[in-house]
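J.: With the sequence up front, the predicted model follows.
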Amino acid sequence: MARSVLRLLPLVTALALASCSQADSDTFNAALSAGQHVGASDSEADTEPESESDEGTSGDGSTGGGTSKGSTSGGPGSGSTDGTDGTDGTGDPSGTSGTSGSGNDPMCGDGILDPGEECDDGNYVNTDACTAMCTNAVCGDGQIYVGVEACDDGNVNNGDGCTSACQLPGCGDGIKDGGEECDDGNMSNDDGCTNLCKVPACGDGLVQPGEACDDGNVDDHDACLSTCQPAKCGDNIIHQGVELCDDGNLINTDECLTTCEPAKCGDGFVHQGVEPCDGTPVQNGSCQSCSIACNAGYGDCNKSANDGCEVGLSSDKNNCGACGKTCGASQNCVNGACVGTTYGPNHTFAGLQSNHFVTQGCCSVNCQGNDAVDAAYFCAHFYGNNCTPKPGYQKAQTPFPAYPKMHKYGGCSNVGYIINGTTCDSGPCRITDLVENTVGLTNLICECK
């Protein structure tokens, strides 16, 4: 019975093939051409004859059940094709010696790890862990391992659009790619490379160590300067909308105050060179509309608010009645007017006071007793050449003998006390209180210009 089955097997196989459609046949043949393993169908397995060891005729390897690797599980007569001597498996009842059968050869993609294969996952997909060449997927093999690799350009170079880890370049991967100024492998903004892979700089919008602010621009007129320091009064830059001026200092006496507002009358600070006062107290006067108003009889002659109205105009010879009005050398300022200096009718010299100038006889200038000449001589020689007698003097005798009398040196008498600063003829004028009655000018007033 078994032999009958064996004889019918070729016929059944032929009928099975004949019953297949042309498309199935083409698919099958194509698979064989590609070296793909094609297993026997269930129906073929059912009709496969039982092995009989006594049939060791010509061993036809094509009928054997051996796999593409020529395994020892071949069917009857799976030994050598001649089978004549039975030494090559033709006489092996078990059929296990048919290792050299002509079944399908080992191939990649059959799901069986053969020698020389790193892997075999039973498919020809290049995007999983085992490529269509039965090699393990690795970065740089030119095949993108889905879910593991984002790219694979066939090399492990950085800087060419795909990193050595088969990932797309990106900021923070520790690789400086085109367009990146730096890449330190992290996403921190507080070190030497920002999370935008830019070298930190004032104006990048990120507050770095050493920066007090960073508003992302280099505008010096907003709240953060181009130096990444906050705008403040006194930095010499006008903060728009906040400051009206900024002269780079904190002085209140120039044109811009320490509040960065322009100086103006009424701000309480004296703008030097512009206003003499600003609401501050003024000595001998007051401050009105940032100008000094002096009390009557006083003047601000040095134009300084520090000492107010420092000059009394009623008596100051250099500012008599007004600042800068100067009286003559022999004048005095009286009630704001320059007037000549007057001496007499009582004249005091050397501690003695007298109103009597001796002109008796040749004691006068010309020995002729000329009262006008004597009066002029007295005023010029006793007080100065710019002094002249004022009308009203008269000639009289001294009221009593011991009355002090002024006279010329070397004139009627060369005795008496020398009057310093005077010159009468060849020497200084004198004053004496000798006991004698004399005639001379009295009540003489000398007026000096």
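T.: Arrived safely, thanks for sending. Because the structure is predicted, anything quoted here is derived from the model rather than measured.

J.: can you pull out the strands in the stretch 301-449 of the chain?
T.: Chain-ordered strands for the stretch 301-449 of the chain, with DSSP state E, counting those that start in this stretch as the definition, fall at 311-312, 331-334, 337-343, 347-349, 352-354, 356-358, 387-390, 394-397, 405-407, 417-418, 430-432, 439-442, 445-448.

J.: List the contacts of stretch 206-215.
T.: 189-190, 194, 200, 202-205, 222-224, 228-230 (CB atoms under 8 Å, 6 or more residues apart in numbering). Where C-beta positions appear, they are placed from N, C-alpha and C, glycine not excepted.

J.: Select from the residues you listed every entry located in strands.
T.: Assignment to strands by DSSP state E places none of the contacts of stretch 206-215 there.

J.: And those residues, which two are furthest apart?
T.: Largest separation among the contacts of stretch 206-215 by CB to CB: Asp190 and Asp222, giving 23.9 Å.

J.: Between those two, tell me which one has more neighbours.
T.: Neighbours of Asp190 and Asp222, each counted by other CB atoms under 10 Å, are more numerous for Asp222; the result is 16 against 12.

J.: So that one versus Gly203, what's the distance?
T.: Asp222 sits 12 Å away from Gly203, going by CB to CB, to the nearest Å.

J.: Which pLDDT does the model give the nearest residue to Ser164 once chain neighbours are set aside?
T.: Here the nearest residue to Ser164 in space, its sequence neighbours aside, is Val156; by CB to CB, 6 or more residues apart in numbering that works out to 4.2 Å. Val156 carries a pLDDT score of 88 in this model.

J.: tell me the contacts of Val156?
T.: Residues touching Val156, when contacts are defined by CB under 8 Å, 6+ apart, comprise 139-140, 164.

J.: any weak-confidence spans in the chain?
T.: 1-105, 359-368, 412 (pLDDT under 70).

J.: Can you tell me which residue is spatially central in it?
T.: Centroid-nearest residue in the chain, with CA atoms, centre = their mean: Thr227, separated by 1.6 Å.

J.: before we move on, the earlier item: export the contacts of stretch 206-215 to a markdown table and append columns for distance to Ala402.
T.: Formatted as a markdown table, the contacts of stretch 206-215 follow (distance: CB to CB, whole Å):
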| residue | distance to Ala402 |
| --- | --- |
| Asn189 | 114 |
| Asp190 | 111 |
| Thr194 | 115 |
| Pro200 | 110 |
| Cys202 | 103 |
| Gly203 | 106 |
| Asp204 | 110 |
| Gly205 | 110 |
| Asp222 | 99 |
| Ala223 | 98 |
| Cys224 | 100 |
| Cys228 | 101 |
| Gln229 | 95 |
| Pro230 | 95 |
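
J.: Dump the strands of the stretch 301-449 of the chain to TSV, plus mean neighbour count and distance to Cys323.
T.: TSV is the format used below for the strands of the stretch 301-449 of the chain (neighbours: other CB atoms under 10 Å; distance: least, CB to CB, whole Å):
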stretch	mean neighbour count	distance to Cys323
strand 311-312	18	7
strand 331-334	17	13
strand 337-343	16	14
strand 347-349	18	35
strand 352-354	16	38
strand 356-358	25	41
strand 387-390	19	29
strand 394-397	13	43
strand 405-407	26	41
strand 417-418	16	42
strand 430-432	21	42
strand 439-442	20	42
strand 445-448	20	25
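
J.: Next, count neighbours for Gly392.
T.: Residues contacting Gly392 under the criterion other CB under 10 Å number 10.

J.: And it, how close does it get to Thr227?
T.: Distance, Gly392 to Thr227, by CB to CB: 87 Å.

J.: Pick the one among the contacts of stretch 206-215 closest to Ile144.
T.: When those are compared for distance to Ile144, the smallest value, 30.9 Å, is given by Thr194; criterion: CB to CB.

J.: From what I see, that closest one and Pro200 are in contact.
T.: Yes: using CB atoms under 8 Å, Thr194 is in contact with Pro200, at 5.8 Å.

J.: rewinding a little: contacting residues for the closest residue to the residue nearest to the centre of the chain other than its chain neighbours?
T.: Among residues not flanking Thr227 along the chain, Cys202 sits closest, at 6.5 Å (CB to CB, 6+ apart). With contact taken as CB under 8 Å, 6+ apart, Cys202 is in contact with 211, 214, 218, 226-228.
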